[in-house]
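**Student:** A predicted structure for the sequence below; I have some questions about it.
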Amino acid sequence: MKTIFVVRLFLTLLFTTVVLSAQEQGASSPAPSNGVVAAVINVVSSTPVAPIVTNAAASASSAGMVCDTKMASPTEAHSSFRSYCSVPVDGPYIAMSFDDGPSATLTPRLLDLLKQRGIKVTFFVIGQNVEHAPEIVARAAAEGHEIGNHTWDHPALTKLSDARVQEEINKTSEAIFKATGKKPVLLRPPYGAMNPRVHRLVEQDGMKVVLWSVDPNDWKRPGSAVVERRILAGAKPGAIILSHDIHPGTIEAMPSTLDALLAKGYKFVTVSELIAMESQHPKATTTALATATSPAKK
């Protein structure tokens, strides 16, 4: 009887120890009651389903290398929807792009810098800014730069109805046509926010969706030296480089940045010219499937 009593006492103490240990773990790390479920949750949490990086907060790289991340949620991917981040090319060709302008004071300064160096870039313009300064957009087009659509007032298109998406795109295209005599063939969605529904609407308007492979996060105004360093670190053949011609620091960074890229042997082309080079590489692609994102102010 004593032996049975001792065994029961031992088992009771052992059970109490296990329960207390489990409670302590639960207090320090609230988790599901099932260890297998916890493992699945950990895997999911480390693999986001909306991973196109378009802002500094979400980026794991100071250069914001969009194309190096997984680009699509399995439920949203569609092979016919392509968003250009970069393009495979044979030579040292890159495309500089500038968003959110035109700026009445800064964009003309940038145009002067580009003209001095014989560099052509792509401007993704805001429709209402075009309406206020059509002469600047006209000058950019006349000097050989490409003008792309960046919507009328910079909303996240994925949060709008079909009718509102079309209004944002069409009003901006009309403003660009009025200023330049040409309709844009490229659209860059604000914040990089894109999904198959919006992509279909963009393609119905005969435009391609353009994202980027290098983002210096100049919209955070880190200083001209930082902008230059991030662009130079991310530049490689076929890159589409994002900047904004509405921030003084960006314009201040451009002379040394452009000169350094030229010194490295890079040749500047517009985004459409870069995309045209892709036809020489039908089996190679660094384009990405369009997906939804969680926008941040940019």
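**Tutor:** Thanks, I have the structure now.

**Student:** report the next helix or strand after the helix or strand of the chain with the lowest mean pLDDT in sequence order.
**Tutor:** Using mean pLDDT, DSSP states H and E, helix 35-45 stands out as the lowest-scoring helix or strand of the chain, at a mean of 24. Using DSSP states H and E, the next helix or strand after helix 35-45 towards the C-terminus is strand 82-84.

**Student:** what about Gly91, neighbour count?
**Tutor:** 11 (other CB atoms under 10 Å). Glycine gets a C-beta too; all of them are placed from N, C-alpha and C.

**Student:** Ala140 - nearest residue in space that isn't next to it in sequence?
**Tutor:** Distance criterion CB to CB, 6 or more residues apart in numbering; nearest residue to Ala140, sequence neighbours excluded, is Phe123 at 5.6 Å.

**Student:** helix, strand or coil for Arg147?
**Tutor:** For residue 147 the amino acid is Ile, not Arg. On the three-state scheme (DSSP: H, G, I helix; E, B strand; the rest coil), Ile147 is labelled strand.

**Student:** who does it bridge with?
**Tutor:** Bridge pairing for Ile147 (DSSP bridges) gives the partners Phe123.

**Student:** neighbours of it, how many?
**Tutor:** Neighbours of Ile147 (other CB under 10 Å): 26.

**Student:** ok, Gly118 next?
**Tutor:** Neighbours around Gly118, by other CB under 10 Å: 9.

**Student:** and it, how far from Glu203?
**Tutor:** Distance, Gly118 to Glu203, by CB to CB, to the nearest Å: 33 Å.

**Student:** and what of His150?
**Tutor:** Counting by CB to CB, the separation of His150 from Glu203 is 17 Å.

**Student:** now swap in Thr158 and tell me
**Tutor:** 15 Å.

**Student:** more neighbours, those two?
**Tutor:** It is Thr158, of Thr158 and Glu203, that has more neighbours when counted by other CB under 10 Å, with 21 against 16.
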